[in-house]
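Q: Here's a sequence, model it:
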Amino acid sequence: MANQKFDWSRFTIKTPIKSDVKTIYGAWTIPSKIESWFLRSAVFHNPLGQQRKPDEVIKVGDHYQWLWHGYPDEVMEKGEILEINGTDFLKFRFGKVGIVSVKIKADEGKSIVELTQEDIPHFDTTEENFHVGCKTGWTFYLANLNSILQGGVDLRNKGDNEAYMD
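A: As a prediction, this is how the structure comes out:
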């Protein structure tokens, strides 16, 4: 077998979620809903700089500022919505750690969410290994999305915003 070098620049994860495509898509594309399973704060601005309302669907060209539970406000991710089709696909620049695509498809009473992150910068040190950190994070947040949609149990630690900084 040929010695193949691992591709640290991308990964794909697929997760079954017991919900319909429309509900899952809304959980990704409406600021108030993305906060219900993923973020402490999700603020989107249209290309003219106007802030989208919490229940307004995001659009191509929107820029965002995201804050997480467990981290102070200084730990903010900024990015841009690159593609969105209104039904089952979106793509966004995920700060400095690459581009994320989300595809959702129906499959026998559940939906499959396929998340791909690519253009991930790679460093040799563990502290800067975005591939491993992002893949782990997305795996958790997709499990949390499934949990929220099935019964409302939020798996996030919503305590002190500096809890994870030590």
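Q: Just want the most central residue of the protein.
A: With the centre of the chain defined as its mean C-alpha position, the nearest residue by C-alpha atoms, centre = their mean is W138, 6.5 Å away.
Q: Phi, psi for that one please.
A: Taking degrees, to the nearest 10, you get phi -60, psi -40 for the backbone angles of W138.
Q: check contacts around it.
A: Contacts for W138 (C-beta atoms under 8 Å, 6 or more residues apart in numbering) come out as I13, L115, Q117. Just so you know, the C-beta spots here come from the backbone N, C-alpha and C atoms, and that holds for glycine as well.
Q: isn't the second one right next to I99, touching?
A: No: L115 sits out of contact with I99 when judged by C-beta atoms under 8 Å, with a separation of 11.4 Å.
Q: F44 bridge partners, please.
A: Beta bridges link F44 to Y64, judged by DSSP bridges.
Q: Identify the residues contacting it.
A: When contacts are taken as C-beta under 8 Å, 6+ apart, F44 is in contact with P31, Q51, R52, E56, I58, D62, H63, Y64, I81.
Q: Please say which of L115 and I99 ends up with more neighbours.
A: A side-by-side neighbour count of L115 and I99, using other C-beta atoms under 10 Å, places L115 first with 21 against 18.
Q: which element is G133 on?
A: Taking DSSP states H and E as the definition, one finds G133 inside helix 130-151.
Q: for the chain, what spans make up the helices?
A: Secondary structure of the chain by DSSP state H: the helices cover 21-29, 31-37, 130-151.
Q: so how far is the last one off the chain centroid?
A: Mean-position distance between helix 130-151 and its chain equals 8 Å (C-alpha atoms, centre = their mean, to the nearest Å).
Q: Now it - C-alpha only, PDB.
A: Listed in PDB are the C-alpha atoms of helix 130-151, where the atom choice follows Å, rounded to 0.1, in the frame of the first residue of the first chain:
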ATOM      1  CA  PHE A 130      -7.500  23.500  13.600                       C
ATOM      2  CA  HIS A 131      -8.500  20.200  11.800                       C
ATOM      3  CA  VAL A 132      -8.700  18.200  15.100                       C
ATOM      4  CA  GLY A 133     -10.300  21.000  17.100                       C
ATOM      5  CA  CYS A 134     -12.900  22.000  14.500                       C
ATOM      6  CA  LYS A 135     -13.900  18.400  13.800                       C
ATOM      7  CA  THR A 136     -14.300  17.700  17.500                       C
ATOM      8  CA  GLY A 137     -16.300  20.900  18.000                       C
ATOM      9  CA  TRP A 138     -18.600  20.300  15.000                       C
ATOM     10  CA  THR A 139     -19.300  16.700  16.100                       C
ATOM     11  CA  PHE A 140     -20.400  18.000  19.500                       C
ATOM     12  CA  TYR A 141     -22.500  20.800  18.100                       C
ATOM     13  CA  LEU A 142     -24.300  18.500  15.600                       C
ATOM     14  CA  ALA A 143     -25.100  16.100  18.500                       C
ATOM     15  CA  ASN A 144     -26.500  19.100  20.400                       C
ATOM     16  CA  LEU A 145     -28.600  20.200  17.400                       C
ATOM     17  CA  ASN A 146     -30.100  16.700  17.300                       C
ATOM     18  CA  SER A 147     -30.700  16.800  21.100                       C
ATOM     19  CA  ILE A 148     -32.400  20.200  20.900                       C
ATOM     20  CA  LEU A 149     -34.600  19.200  18.000                       C
ATOM     21  CA  GLN A 150     -35.600  15.900  19.600                       C
ATOM     22  CA  GLY A 151     -36.600  17.100  23.100                       C
END
